[in-house]
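Asker: with the sequence up front, the predicted model follows.
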Amino acid sequence: AQRVTQPEKLLSVFKGAPVELKCNYSYSGSPELFWYVQYSRQRLQLLLRHISRESIKGFTADLNKGETSFHLKKPFAQEEDSAMYYCALKEGSLSNFGNEKLTFGTGTRLTIIP
Amino acid sequence: GAGVSQSPSNKVTEKGKDVELRCDPISGHTALYWYRQSLGQGLEFLIYFQGNSAPDKSGLPSDRFSAERTGGSVSTLTIQRTQQEDSAVYLCASSSFGLAGLEDTQYFGPGTRLTVL
């Protein structure tokens, strides 16, 4: 069965410092990986997905299949980045066509210190 | 347009009572998902709907949990004889994936916080 691990429950970073939120996964097939974010009093929303290879709000994440990791990075943290971040995996199997259920990690609460 | 909505936002019930949680997906979204977030846990998948059918119910934790979807739109998650371990935030998400074969984003509702006393 697939699993997503986010080893840090809490992470505090000073404003302007680099940020890295760790995510490791276990899955026998070829997964698709996502980062979701939940700001205070807002609903969960997609931040980025690995297949898009885009940068959102300065965040990037590279899928490393050798290390089975999908760490989220930002070179210079901003106060508005304080939020709960979830890494998620979707099975990449054609047998799941139509079903895009996600397996989530337990999340990392990021706090940016002014 | 309006996003995914859920009601009620909070529900407090006594152990043994039945509860119904409602999800209104984004109009036109054929795929609908229910997830649960228990204290200290990540979101866990419960059930997936494509239209009114539920081809994947693998995440429902027990037969006390059931869900239905009518008119390809509104979905109701029912928990019978609630237990304290059912206390959690129940999230609904919808997406347009399924018919066109195109990947699309899951849009989440605000959730229903269920507390079983």
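Answerer: Thanks, I have the structure now. Numbers count the residues shown, from 1 in each chain, chains lettered A, B, ... in the order given.
Asker: residue numbers of chain A in contact with chain B?
Answerer: Those residues of chain A that sit near chain B, judged by C-beta under 8 Å from any C-beta of the partner chain, are A:4, A:6, A:43-46, A:51, A:86, A:88, A:97-107. For glycine as for every other residue, the C-beta is placed from the backbone atoms N, C-alpha and C.
Asker: so how far is stretch A:39-50 off the chain centroid?
Answerer: 10 Å (C-alpha atoms, centre = their mean, to the nearest Å).
Asker: state the mean pLDDT of it.
Answerer: Across stretch A:39-50, pLDDT averages out at 92.
Asker: end-to-end on it?
Answerer: With C-alpha to C-alpha, to the nearest Å applied, stretch A:39-50 spans 21 Å between its terminal residues.
Asker: now do the buried residues in it.
Answerer: Neighbour-count burial for stretch A:39-50 flags A:43, A:44, A:46, A:47, A:48, A:49 (criterion: 16 or more other C-beta atoms under 10 Å in any protein chain shown).
Asker: can you check stretch B:13-31 too?
Answerer: B:13, B:19, B:21, B:23, B:24, B:25, B:26, B:29, B:30, B:31.
Asker: of all the residues you listed, which two lie farthest apart?
Answerer: Farthest pair in those (C-beta to C-beta) is B:13 and B:30. Separation: 31.3 Å.
Asker: following the lowest-mean-pLDDT helix or strand in chain B, which helix or strand comes up?
Answerer: Lowest on mean pLDDT, DSSP states H and E among the helices and strands of chain B sits strand B:53-56, with a mean of 90. Downstream of strand B:53-56, the next assigned helix or strand under DSSP states H and E is strand B:65-69.
Asker: hey, C-alpha coordinates of the following helix or strand past that following strand in PDB?
Answerer: Next along the chain after strand B:65-69, taking DSSP H and E as the criterion, comes strand B:75-79. Extracted C-alpha coordinates of strand B:75-79, given in PDB (Å, rounded to 0.1, in the frame of the first residue of the first chain):
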ATOM      1  CA  SER B  75     -23.700  13.900  -1.500                       C
ATOM      2  CA  THR B  76     -24.600  12.800   2.000                       C
ATOM      3  CA  LEU B  77     -22.300  10.900   4.300                       C
ATOM      4  CA  THR B  78     -24.200   9.100   7.000                       C
ATOM      5  CA  ILE B  79     -22.700   7.700  10.200                       C
END
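Asker: name the residues that touch strand B:75-79?
Answerer: B:18-23, B:25, B:32, B:34, B:46-47, B:49, B:64-69, B:86, B:90, B:92, B:114 (C-beta atoms under 8 Å, 6 or more residues apart in numbering or on different chains).
Asker: kindly recompute the last result at 7 Å.
Answerer: Residues from elsewhere that reach strand B:75-79, judged by C-beta atoms under 7 Å, 6 or more residues apart in numbering or on different chains: B:18-23, B:32, B:34, B:49, B:64-69, B:86, B:90, B:92.
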